[in-house]
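>>> Got a predicted structure here, sequence first:
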Amino acid sequence: MTLRSLASSFGIAAALGLAALASAQAPAPAEPKAKAKAKAAEDPKKPDGADAPAVKSEKAEPKLEKAFFAGGCFWCLEAFYERVHGVKSVISGYSGGTVARPSYEMVCTGLTGHAETVEVIYDPALVSYDYLLDVFWLCHDPTTLNRQGPDEGTQYRSAIFYANDEQKKLAEKSFQKANAYYNGQVVTQLVPLVRFWPAERHHQDYYRLNRNKNPYCQSVIAPKIEELRAKLNAKAAATPTPEKK
C-alpha cells in the first residue's frame, strides 16, 4: 500500500505602505464537495484528491488435478509418483471398499474390499494424465491377480479409479494398449472413484522417511525405482520427437 502524500499551503501576508505589522493571511475557503469530486474524476490515480494505492499483480496459482491408482503396496506407488516431474504430492490411502474410515489392519484382512491406493496431485500444465497412466503400467505387473511380488491379497489388486469422464476415456484407451501388449492378460480394474480414504500418518512419505531403516524399502522399493526409471528412459528414447513446423 502506498503512503498518502500530504500537502499543506500557507498564505503569507504582504506589508503594504507604512503598516506596522502584517497579520497572517487566512486560508482559502475549501472547494465545494461537488467540485472536488469532479476534479478527482479527472485524475483516476487520485480518488478524492489522494494517491491511489498501487495494484499488485499476483501470480496465479496452478490449477491442480488428482488421479488415483492401485497397484500393489502403496509405499511403492507413492515413491514412484513422487519422482515424477509435475507431481506436487502423493497421498497413500484406500479406495474401492465398502467400509467407512478403514484402518490398515482392517484393509489387510481383505474383508473391507479396499485396495491400497495413492492419490496423485499433479499440475496438468507440467505432466499429463496420459503420462501418469504410462507410469502406472510400467511400475507394476498388471497381469497378476491380487498380487504384486511378495504382497498378496485383494488389497494389492491392480486398479485405476477414474475421477471423471475424461479420465475414464483416457484410462480405457490406455488399457486397450496395455492389454494388447500383454496379449489380453491384463487384470486391471477400471472403476469410478467413489471415495478415497487417506491412510494413517505413519504410512505417508514412507519410503522417503524409512529408506535406510526398513529392509522392505531397500530390497523391494529401491530396485523398483531404478527399474521404473530405466523403463521410462527407454520409452522416452523410443518416442519420436514431433518435427517443428
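Structure's in. What do you need?
>>> The lowest-mean-pLDDT helix or strand in the chain: what's the following helix or strand?
Taking mean pLDDT, DSSP states H and E as the measure, helix 33-42 is the helix or strand of the chain with the lowest mean score, a mean of 46. Following the chain from helix 33-42 toward its C-terminal end, the next helix or strand by DSSP states H and E is strand 65-71.
>>> What is that next one packed up against?
Here strand 65-71 touches helix 74-81, strand 115-122, helix 129-139, strand 158-162, going by 3 or more Cβ pairs under 8 Å, 6 or more residues apart in numbering; DSSP states H and E. C-beta here means a position set from N, CA and C on the backbone, and glycine is covered the same way.
>>> Can you point out the buried residues in the longest one?
For helix 129-139, a neighbour-count test (16 or more other Cβ atoms under 10 Å) marks 129, 131-139 as buried.
>>> before we move on, what about stretch 61-75?
When burial is assessed from 16+ other Cβ under 10 Å, stretch 61-75 yields the following buried residues: 65, 67-75.
>>> what does stretch 198-207 give?
For stretch 198-207, a neighbour-count test (16+ other Cβ under 10 Å) marks 199, 203-207 as buried.
>>> Go through the residues you listed and flag which are in helices.
With DSSP state H as the criterion, helices contain 206-207 from among those.
>>> closest to Ala100 among the buried residues of stretch 198-207?
When those are compared for distance to Ala100, the smallest value, 14.4 Å, is given by Ala199; criterion: Cβ to Cβ.
>>> can you pull the contacts of the closest one?
Each residue near Ala199 by Cβ atoms under 8 Å, 6 or more residues apart in numbering is listed here: 74, 91-94, 104, 116.
>>> hmm, 6 Å instead?
92-93 (Cβ atoms under 6 Å, 6 or more residues apart in numbering).
>>> Report the separation between it and Cys108.
Between Ala199 and Cys108 the distance, using Cβ to Cβ, to the nearest Å, works out to 12 Å.
>>> do Phe196 as well
Phe196 sits 18 Å away from Cys108 when distances are taken as Cβ to Cβ.
>>> neighbour count winner among these two?
Remark: of Phe196 and Cys108, Phe196 carries more neighbours, 18 against 14, as counted by other Cβ atoms under 10 Å.
>>> who's in contact with the more buried one?
93, 95, 119.
>>> ditto for Glu116
74, 155.
>>> From Tyr206, how far out is it?
Distance, Glu116 to Tyr206, using Cβ to Cβ: 11 Å.
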